[in-house]
Structures are given as C-alpha cells and as structure tokens.
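Q: okay, here's the prediction I keep looking at, along with the sequence it came from:
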Amino acid sequence: MLDIAAELNRWALEGRDFAVATVVRVTGSAPRQPGAALAVDRAGEAVGSVSGGCVEGAVYELCRQALDDGTTVRERFGHSDEDAFATGLTCGGTIEVLVTPVRAHDAVRPVVAAALAAAASGRPAALARVVHGPDEFVGRAVMVGEDASPGMLGNEIDVTSFQGFERSAVAEVRAMLAAGRTGTVVVGADGSRCGRPVTLFVESSVPPPRMIVFGAVDFASALTRAAAFLGYRVTVCDARPVFATAARFPEADEIVVDWPHRYLATAEVDARTVLCVLTHDPKFDVPLLKTALRLPVGYVGAMGSRRTHRDREAALREEGVTARELGRLHSPIGLDLGARTPEETALSIMAEIVAERHGGTGARLTGAPTPIHHGPAPSPGAALAGTAPADVASLDITAINVLSVPGG
C-alpha cells in the first residue's frame, strides 16, 4: 500500500476508515507486482489498483466487506478459461490479495498510519503484515522506520511467545528495508517460538533513486526530463557556469557547478544511483569515469561514438582502471533505438537503465521467448545492483515496538 501512501496518509489524517487490498503474490503474467494496492473508504471512494482493471470490481467489494466486518482476508484471482470476462485475470496469471481493514478502533491503524506518514514524507519505512501462520497472528502488522512509534499488543495471545516472534520479525523487516525490497519473508518456527513458520509480506519505501548527469548539454536536458518522469532525483553537474543553470534544466532537483570528478568524489551515492556521463570530452571523462567505476553505484553510462569509446577505454587503462571495472561501463550509452534527437536519445538511455534495473534484455517482445513481466524486482526503491542502498543501510533504523492486533 506504500505505493499510494500520499493519498492514504491524507485519509488517515482526516480520520477516515478505509480498507486496503494489497497484492502479496504473483504467479505467471500479471499486470501489477507485489505491493500494488487498491484502497476504499466508507464513502466508497477508491484509490490505486491491483490489476489494471481485471479484478478491480471484485476487490472493491472485498474492501467494502472488510470495512463492515473488520476481518482481514486473503483472496486469489486467476484466469477463467470458461469466460474471459469472469472475475479473473485475462492475461493468464494469478495474483493473491491481502485485504486489511484500517478503521478508527482497529489496533492495526497506528502501525499503518505510521508507515504511511513516513512513506508520504519521503522517509524510509517498511510495513510488514502476517499473511500465513497461526490464525491469531494473521493480519498483524509491524512497521520499521527511522523513529520508534507507539503500538498495541492484544491480551488474547501468549505474550512471551509473541514477543519472541516479534523480535525475529523486526530483524527480518529491517533487513528488507535496508535492501529496499518488497516481498515475502518467512520467520522460522525456532525464531518465532510460535510452533510453526510465519510468512510476512513486507513493503519497503525508500527515497527516490538518484541520477547524476554530467555535462550540461542538450541531451542532458532531455535526459533530465525523462528521468524526473520516471521518479529519479536528478542532479546536473558541469564545470561551466554559463551552461549549468536552473533556467536550462528546470526539471533538475539540483544544479552543481564544479569539475565532475571532484564533485563525484564527495557526492552521496548508493547502489541505486545512476551516473550518466554526457560530456564526451577526455579532460572531463577520464578522471570522472576513473572515480565512477570504483563506486558502489547501480549504473555508469558514457556517451560517445565507438571511436570515442575505444580511445576513452585506452586512456582509462593507462590510468590503472582494471578490466573488471571497465566491464561495468555502459558505453556507448543506451539501447539501439535508432535515436536521433535529444529526446529519442534520452528514451534510449532510460530504456537501458530500466532494463538493467529489472533484468530486461532490451529485445523486442514480438516473437521473443522472454517473459513480458519479469520476476519481481526490488520495489520502488530497490537497488539496481541488488545490494543495499548505502543511504538506507546506514540509517539508525528503529521499529514500532509491537505487532498490532487485527480487528477492533
């Protein structure tokens, strides 16, 4: 549900009762990935989506029912061969949806509200809910974020065993947040002390990934617009103050006038950071790429012709850059789209970055054996390279101190 945190946080602040249906498992081809959510309030207003339209009506009714009876339910939706317009996914896949009521007196509400407030304000947060396990645990929730928040513990369960499970759950959720991942995790029977494994669905929300564009050129202007559209926080860096201006890059979050390699040496980067070198000038490129290829970032790309690439690669070898480090360089930058204009070139670059992030091939889907929807990649916030984002892993993260009790 954290993908619609801004709207749901507003609902929570307004005191609205609502129920939220979250995709917790996907098999086969499905339009939305785990974490996608549809929420419905008492007045029937809806926000979000779990399927792009295929099963929205049925999920909407499940939310209305959950608001009435206060029961957390899990429902599976798949393709109907008999009737493509029946309640099912016409794309052939299967999704499992967890429906959670978040009403004024539900013990889960403060936990959900804390997660929504953190995510809406751009602070790292992870919300975990029990989707499989002992009946008295299903629907409970825990939130991990920067600040501890109050929670509630029910009296109808064994407090000793529950606290043991809670400690294990919080540790697992903290690890998922550090990696920026959304997905399921199982707390073992020994760790939970509750007799059998418990499955948690964890949604992580971390700040937007960062892109640093080096070279205040026309291609950089188009790339900045495309990256901002795809949710990146964009910095443009150039040593020439006449070109590096806010007027030329209105979509950029930050403009830096400095020598690129000097700026990058002290810049905050992590495993999700994307570095795009568009200067194609050796005096900028070589010292910059020497630094960039040794940083724990997710993507390093450099613009230029194939001849420029060969010359640049030779110069980098002379500077001591290893073959392994050079293997991380995407050069010439982008996919082969036949791009000509700055906007088309920006599309080519962003297409390669998206493919790298999600494990795509860049091949045509028509006639290809590759899946349309790849396996779940780390979510809004996951690392391109599959490692923990430094800006999240280094946080002093604390947890909401108890798992909440579902229902009123």
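A: Now that the structure is in, tell me what you want to look at.
Q: partners of the residue nearest to M176 when sequence neighbours are not counted in the sheet?
A: Excluding the flanking residues, the one nearest M176 by CB to CB, 6 or more residues apart in numbering is V202, at 4.4 Å. C-beta coordinates here come from the backbone N, C-alpha and C atoms, glycine included. Beta-bridge pairing of V202 under DSSP bridges involves A128, G183.
Q: any idea how far T71 lies from L177?
A: Separation of T71 from L177 (CB to CB, to the nearest Å) stands at 28 Å.
Q: same thing with A12?
A: For A12, the distance to L177 - CB to CB - is 20 Å.
Q: more neighbours, those two?
A: Higher neighbour count among A12 and L177: L177, with 31 against 22, using other CB atoms under 10 Å.
Q: Validate this expectation: the more buried one resides in a helix.
A: Yes: assigned with DSSP: H, G, I helix; E, B strand; the rest coil, L177 falls within a helix.
Q: pLDDT score for Y263?
A: Looking at Y263, its pLDDT is 97.
Q: helix, strand or coil for it?
A: helix.
Q: count of residues packed around it?
A: Y263 has 19 nearby residues by other CB under 10 Å.
Q: if I look at it, how far off is S331?
A: For Y263, the distance to S331 - CB to CB - is 20 Å.
Q: next one: T224
A: In terms of CB to CB, T224 sits 20 Å off from S331.
Q: the more surrounded of those two?
A: T224 (25 against 21).
Q: does that one touch F249 like I think?
A: Yes: with contact defined as CB atoms under 8 Å, T224 reaches F249; the gap is 5.4 Å.
Q: for stretch 43-58, list every residue counted as buried.
A: Across stretch 43-58, burial judged by 16 or more other CB atoms under 10 Å covers 46-51, 54-56, 58.
Q: send the alpha carbons of it over as CSV?
A: The C-alpha atoms that make up stretch 43-58 are tabulated as CSV, following Å, rounded to 0.1, in the frame of the first residue of the first chain:
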residue,chain,number,x,y,z
ALA,A,43,-18.0,6.7,1.3
GLY,A,44,-16.9,4.3,-1.5
GLU,A,45,-14.1,6.4,-2.8
ALA,A,46,-11.3,4.3,-4.3
VAL,A,47,-7.6,5.0,-5.0
GLY,A,48,-5.0,2.7,-6.5
SER,A,49,-5.2,-0.5,-8.5
VAL,A,50,-4.3,-4.2,-8.0
SER,A,51,-4.7,-5.4,-11.6
GLY,A,52,-5.1,-2.6,-14.0
GLY,A,53,-8.8,-3.3,-14.3
CYS,A,54,-9.2,-7.1,-14.5
VAL,A,55,-10.5,-7.8,-11.0
GLU,A,56,-10.9,-4.3,-9.5
GLY,A,57,-14.7,-4.7,-9.1
ALA,A,58,-14.3,-7.9,-7.0
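Q: residue contacts, the spatially closest residue to F243 that is not a sequence neighbour?
A: Excluding its sequence neighbours, the residue lying closest to F243 (CB to CB, 6+ apart) is A216, at 3.9 Å. By CB atoms under 8 Å, 6 or more residues apart in numbering, the contact list for A216 reads 236, 238, 240, 243-245, 248-249.
Q: ok, and the most crowded of these?
A: Of these, with other CB under 10 Å as the count, V236 tops at 30 neighbours.
Q: do a quick rundown of the strands in the stretch 151-300 of the chain.
A: 183-187, 198-205, 210-214, 233-238, 254-257, 274-277, 299-302 (DSSP state E, counting those that start in this stretch).
Q: angle of the second one against strand 183-187?
A: Angle between the axes of strand 198-205 and strand 183-187 is 140 degrees (criterion: axes from the mean of the first three to the mean of the last three CA atoms, to 10 degrees).
Q: strand 198-205: how far from the chain's middle?
A: Centroid displacement of strand 198-205 relative to its chain, using CA atoms, centre = their mean, to the nearest Å, is 13 Å.
Q: for that strand, packing partners?
A: strand 18-27, helix 109-120, strand 125-132, helix 159-178, strand 183-187 (3 or more CB pairs under 8 Å, 6 or more residues apart in numbering; DSSP states H and E).
Q: just name the most buried of the ones you listed.
A: The highest average neighbour count among the helices and strands packed on strand 198-205, using mean count of other CB atoms under 10 Å, belongs to strand 125-132 at a mean of 26.
Q: for that strand, packing partners?
A: Taking 3+ CB pairs under 8 Å, 6+ apart as the contact cut, strand 125-132 packs with strand 94-102, helix 109-120, strand 141-145, helix 159-178, strand 198-205.
Q: residue ranges with poor pLDDT in this protein?
A: 28-31, 52-54, 79-92, 146-165, 188-196, 371-408 (pLDDT under 70).
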